[in-house]
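K.L.:
No letters, just coordinates:
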């Protein structure tokens, strides 16, 4: 399926409008069996430890749902898309393995569904897939000049979303994560900062060595161009180096031992299959050169530590979805195997 056809297919999906009300969280019971949901009171929906709660659920095609989460960690409401297997029921005695798919900067929780065939990949297995909002892709509890406070994206993803999915959608404790660009860096960082949380992680063109020369400047420029305070996320480079180290996959690499690891990136700065015909100075080409070299450095670190991994440092390929779709299709079976997701 070409990107244009895939986008049209995504746009053609029909949604069922969510019920609203003061005490209604709109949690749909027996979506697959009934086809249309039954509203449940807000008090019936299990909350996260910090009080995060699902305040709305909108049914999509099949068992898929969009949920709205009132998040104390973020201080606002954001959405996540949840793909539920065909044999899923809310009152089941069993649990299902879960995959988290994190998006990159300047994208949102719908980007995986809009740009890939992730629904079809998910339907082929008995697995829950969660695509949470990540806004501009910082994937960290912001340092905020040492003051902390919101936004706390790491807390949102690894605690609030995880607990809500496990407590309301029968997700089990066998988890994997995949992400593109900053979402890939986030997946690997989360795995290193929370050893044992994920069985397997996959990064597609993610920065995996944050403190490599030139990388802090690139990250600061990228975040500033997204309208963010570039010093608020991890702090000021060098001045707040301890906090940068605490979020750097390269530094945290020893904590990844025992976790399945896949990462990929291009190196040549030339378009790959399916990429648009752009000028050689296109930022998507130039940035991938830098990220490819960065991934090589991360691979060297893992090799020195003797940590098993799979690295696909390819040649041609822009920093965009055509390359990430190919890499996702390649690694998907490994992700499913790692969490014990059986064929549907």
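P.N.:
The structure has been received and is ready for your questions. Just so it is clear, the structure is predicted and the values come from calculations on it, not from any experiment.

K.L.:
all helices of the stretch 151-300 of the chain, in order?
P.N.:
Remark: helices assigned in the stretch 151-300 of the chain by DSSP state H, counting those that start in this stretch are 153-155, 162-168, 182-193, 215-225, 241-245, 249-252, 283-305.

K.L.:
quick one: which of these has the weakest pLDDT on average?
P.N.:
Taking each of these in turn, the one with the lowest mean pLDDT is helix 215-225, at a mean of 93.

K.L.:
tilt between it and helix 182-193?
P.N.:
Orientation note: helix 215-225 sits at an angle of 120 degrees relative to helix 182-193 (axes from the mean of the first three to the mean of the last three C-alpha atoms, to 10 degrees).

K.L.:
chain center to helix 215-225: distance?
P.N.:
With C-alpha atoms, centre = their mean, to the nearest Å as the basis, helix 215-225 stands 20 Å off its chain's centre.

K.L.:
For it, list every residue counted as buried.
P.N.:
215, 216, 218, 219, 220, 222, 223 (16 or more other C-beta atoms under 10 Å). C-betas here are computed from N, CA, C, even on glycine.

K.L.:
Same question for stretch 55-75.
P.N.:
Neighbour-count burial for stretch 55-75 [16+ other C-beta under 10 Å]: 55-60, 62-74.

K.L.:
again with stretch 267-279
P.N.:
Buried residues in stretch 267-279 (16+ other C-beta under 10 Å): 267, 269, 271, 272, 275.

K.L.:
same deal with stretch 234-244?
P.N.:
Using 16+ other C-beta under 10 Å as the test for burial, stretch 234-244 gives 234, 235, 236, 237, 240, 241, 243, 244.

K.L.:
Read off the pLDDT value for the closest residue to the last one other than its chain neighbours.
P.N.:
Take residue 244 and drop its neighbours on the chain: the residue closest to it by C-beta to C-beta, 6 or more residues apart in numbering is residue 234, 5.2 Å away. We note a pLDDT of 97 for residue 234 in this prediction.

K.L.:
ok, now which ones touch residue 234?
P.N.:
140, 143, 210, 240, 243, 244, 247 (C-beta atoms under 8 Å, 6 or more residues apart in numbering).

K.L.:
Ramachandran angles for residue 132?
P.N.:
Dihedral pair for residue 132: phi -80, psi 160, per degrees, to the nearest 10.

K.L.:
How many residues are close by the nearest residue to it once chain neighbours are set aside?
P.N.:
Leaving aside its sequence neighbours, residue 132 sits nearest to residue 80 (C-beta to C-beta, 6+ apart; 4.1 Å). Per other C-beta atoms under 10 Å, the neighbour tally for residue 80 reads 23.

K.L.:
where does stretch 77-92 sit relative to the chain's centre, distance-wise?
P.N.:
16 Å.

K.L.:
model confidence over that stretch, on average?
P.N.:
Rounded mean pLDDT across stretch 77-92 is 96.

K.L.:
what about that stretch, how long is it end to end?
P.N.:
With C-alpha to C-alpha, to the nearest Å as the measure, stretch 77-92 spans 28 Å from end to end.

K.L.:
what's the average pLDDT for whichever strand or helix holds residue 56?
P.N.:
Using DSSP states H and E, residue 56 maps to strand 53-59. For strand 53-59, mean pLDDT is 96.

K.L.:
what does stretch 99-112 give?
P.N.:
Computed over stretch 99-112, the mean pLDDT rounds to 97.

K.L.:
Number the residues from 51 up from this point.
P.N.:
Okay, using 51 as the starting number, the last item reads as stretch 149-162.

K.L.:
ok, residues contacting it?
P.N.:
128-131, 168, 172, 177-187, 189, 207, 211, 225-234, 236-237, 272, 276, 385-386, 389, 391.

K.L.:
I am finished for the moment; much appreciated.
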